[in-house]
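Student: Have a look at this fold, sequence not included:
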């Protein structure tokens, strides 16, 4: 029993209450060989050398000045203290004065050198501590960040120098990581929510068929097929959004006419627009050349038009294209109620729907809530920008802007 008894220090080292001895040795060795220790030794060595050289030069200059007075004062060799003037060894008053003065000069020089060296070491330690304190905080912050903390914010040094810029960049990095972590958690929650609904419908329908409550007929299979299509569409949209935002999507940009693209889009959706009471019109009086991937541009415009048909019907939807010195602009404007303030600021968020009660259009197609997010990601992947606003004349408007590129001709 006694052999198994351990001291509190051993138990503390085992269970983490006290740092292990190996870690203590490692920390002490790091202090001895760290940047602060090296800077302190370097500054102290430079200061001591400067003190030695200065002291030696001052004492030597004093000796030279007084030795120049030897012929007149008969002080003897001042470097020997003035006592080797006569063989008898008897010192005159002047020689005794010279000896005492030499000893005082040497003693004062040695004391001054020692005091200056000690003061240099202390000041070097304080200066290097001040210089390396931001670096030590950065090391500690990086360790906390590696351990999983995302709210690490370090105090900025008072001096506006490179260390302040480095600390500011570290704080910006931690803020970006915190935003990404929050976005990732929100995205996972949104994906789980949007997957749970169709899966719950599928489960309830299938269990009802198994229990004989729901007949296995064409209508029931059609409902199941619709939920499966919704799941497939959601997975496809998530993959496309991930590829577009990571820059891994394959693009084949060519020179297009923006007006022709809008007219083809209006012709393809004319039947659906008529079903929901929407009139499509295209305004592109002149050719509008732009460089973009035709399939991805068509998908972007289709997502915006789909949003207009879903939330602004019935009414008119206008597609327009024009170019100027700043670039090429394509817009999709409806004459519906427009955006609310909260809706406008969150229009391009993933899984965000302005009206939860209108998640399905009259044609029965379900929305994944990723259409506008995909539109923005695809546009930015091609070097363009997309914005949403309330048009001054009423209704919502999506605006795509592409920069002018040399050699764009249709």
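Tutor: That came through fine. Keep in mind the model is a prediction, meaning the values are calculated, not measured.

Student: If you count neighbours, what's buried in stretch 139-157?
Tutor: Neighbour-count burial for stretch 139-157 flags 141, 145, 152, 154, 157 (criterion: 16 or more other Cβ atoms under 10 Å). Every residue, glycine included, has its C-beta placed from N, CA and C.

Student: How about the contacts made by the residue nearest to residue 308 when sequence neighbours are not counted?
Tutor: Once flanking residues are discounted, residue 308 sits nearest to residue 334: 4.1 Å by Cβ to Cβ, 6 or more residues apart in numbering. Contacts for residue 334 (Cβ atoms under 8 Å, 6 or more residues apart in numbering) come out as 308, 311, 312, 315, 316, 317, 318, 395, 396, 397.

Student: Which of the three states applies to residue 388?
Tutor: Look at residue 388: counting by DSSP: H, G, I helix; E, B strand; the rest coil, its state is strand.

Student: how close does it sit to residue 343?
Tutor: Relative to residue 343, residue 388 is positioned 9 Å away (Cβ to Cβ, to the nearest Å).

Student: more crowded one of these two?
Tutor: residue 388 (21 against 18; other Cβ atoms under 10 Å).

Student: Am I right that the more buried one is in contact with residue 379?
Tutor: No. At 11.9 Å, residue 388 does not count as touching residue 379 under the criterion of Cβ atoms under 8 Å.

Student: quick one: low-confidence ranges for the stretch 51-200 of the chain?
Tutor: Counting by pLDDT under 70, the ranges of the stretch 51-200 of the chain that qualify are 63, 65-92, 94-95, 97-99, 102.

Student: Other residues contacting stretch 376-386?
Tutor: So stretch 376-386 is in contact with 241, 244-245, 247, 249, 251, 253, 292-293, 296-297, 299-300, 348, 375, 398-403, going by Cβ under 8 Å, 6+ apart.

Student: So residue 288 is in contact with residue 282, correct?
Tutor: No. The pair residue 288 / residue 282 is not scored as a contact, 11.4 Å apart, by Cβ under 8 Å.

Student: list the residues that contact both of these two?
Tutor: With Cβ under 8 Å, 6+ apart as the test, residue 288 and residue 282 both reach residue 259.

Student: who's more crowded, these two?
Tutor: A count of neighbours by other Cβ under 10 Å puts residue 288 above the other of residue 288 and residue 282, at 23 against 18.

Student: Tell me who's in contact with that one.
Tutor: 257, 258, 259, 321, 322, 323, 328, 330.

Student: Counting neighbours, what do you get for the third one?
Tutor: Residue 259 sits with 22 neighbouring residues when counted by other Cβ under 10 Å.

Student: Confirm that it sits in a strand.
Tutor: No. Using three-state DSSP, the assignment for residue 259 is helix, not a strand.

Student: how much space between it and residue 319?
Tutor: The gap separating residue 259 from residue 319 is 9 Å, by Cβ to Cβ.

Student: Overlap in contacts, those two.
Tutor: Counting by Cβ under 8 Å, 6+ apart, the contacts common to residue 259 and residue 319 are 282, 284.

Student: give me the number of residues near residue 230?
Tutor: Counted with other Cβ under 10 Å, residue 230 comes out at 21.

Student: buried set for the helix or strand hosting it?
Tutor: Counting by DSSP states H and E, the element that carries residue 230 is helix 218-246. Buried residues in helix 218-246, counted by 16+ other Cβ under 10 Å: 224, 226-227, 230-231, 233-234, 237-238, 240-241, 244-245.

Student: Least confident of those?
Tutor: Lowest pLDDT within these is found at residue 245 (78).

Student: Report the contact partners of that residue.
Tutor: residue 377.

Student: if I look at it, how far off is residue 392?
Tutor: As judged by Cβ to Cβ, residue 245 and residue 392 stand 32 Å apart.

Student: Over to residue 242?
Tutor: The value you get for residue 242 to residue 392, if Cβ to Cβ is used, is 36 Å.

Student: How about residue 43?
Tutor: Taking Cβ to Cβ, one finds residue 43 at 67 Å from residue 392.

Student: can you pull out the strands in the stretch 51-200 of the chain?
Tutor: Here the stretch 51-200 of the chain has no strands by DSSP state E, counting those that start in this stretch.

Student: Name the SS class of residue 45, please.
Tutor: Assignment for residue 45 (three-state DSSP): helix.

Student: Tell me where the stretch 51-200 of the chain has helices.
Tutor: Using DSSP state H, counting those that start in this stretch, the helices of the stretch 51-200 of the chain run over 70-73, 93-146, 162-210.

Student: you'd agree residue 333 is in a helix?
Tutor: No. In this structure, residue 333 is strand, not part of a helix, as judged by three-state DSSP.

Student: Look at it and say how many residues are nearby.
Tutor: For residue 333, the neighbour count with other Cβ under 10 Å is 24.

Student: Contacts only, for it.
Tutor: Contacts for residue 333 (Cβ under 8 Å, 6+ apart) come out as 308, 317, 318, 320, 391, 395, 396, 397, 398.

Student: for the last one, which residues make a bridge with it?
Tutor: This means residue 398. Residue 398 has these beta-bridge partners by DSSP bridges: residue 332, residue 388.

Student: circling back: filter the contacts of residue 333 down to just the buried residues.
Tutor: 308, 317, 318, 320, 395, 396, 397, 398.

Student: Could you export those as CSV, including secondary structure, distance to residue 106 and pLDDT?
Tutor: CSV is the format used below for the buried ones among the contacts of residue 333 (DSSP: H, G, I helix; E, B strand; the rest coil; distance: Cβ to Cβ, whole Å; pLDDT from 0 to 100):
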residue, secondary structure, distance to residue 106, pLDDT
308, helix, 97, 86
317, strand, 100, 92
318, strand, 99, 93
320, strand, 95, 94
395, coil, 96, 86
396, strand, 92, 89
397, strand, 91, 91
398, strand, 89, 92
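
Student: Closest one to residue 54 out of these, please.
Tutor: Nearest to residue 54 among the buried ones among the contacts of residue 333 is residue 398, at 75.5 Å by Cβ to Cβ.

Student: For residue 270, see how far away that closest one is.
Tutor: In terms of Cβ to Cβ, residue 398 sits 20 Å off from residue 270.

Student: same deal with residue 304?
Tutor: 16 Å.

Student: Just want to know which of these two has more residues nearby.
Tutor: Counted by other Cβ under 10 Å, residue 304 and residue 270 do not tie: residue 304 has more neighbours, with 27 against 13.

Student: show me what contacts that one?
Tutor: 332, 371, 372, 375, 398.
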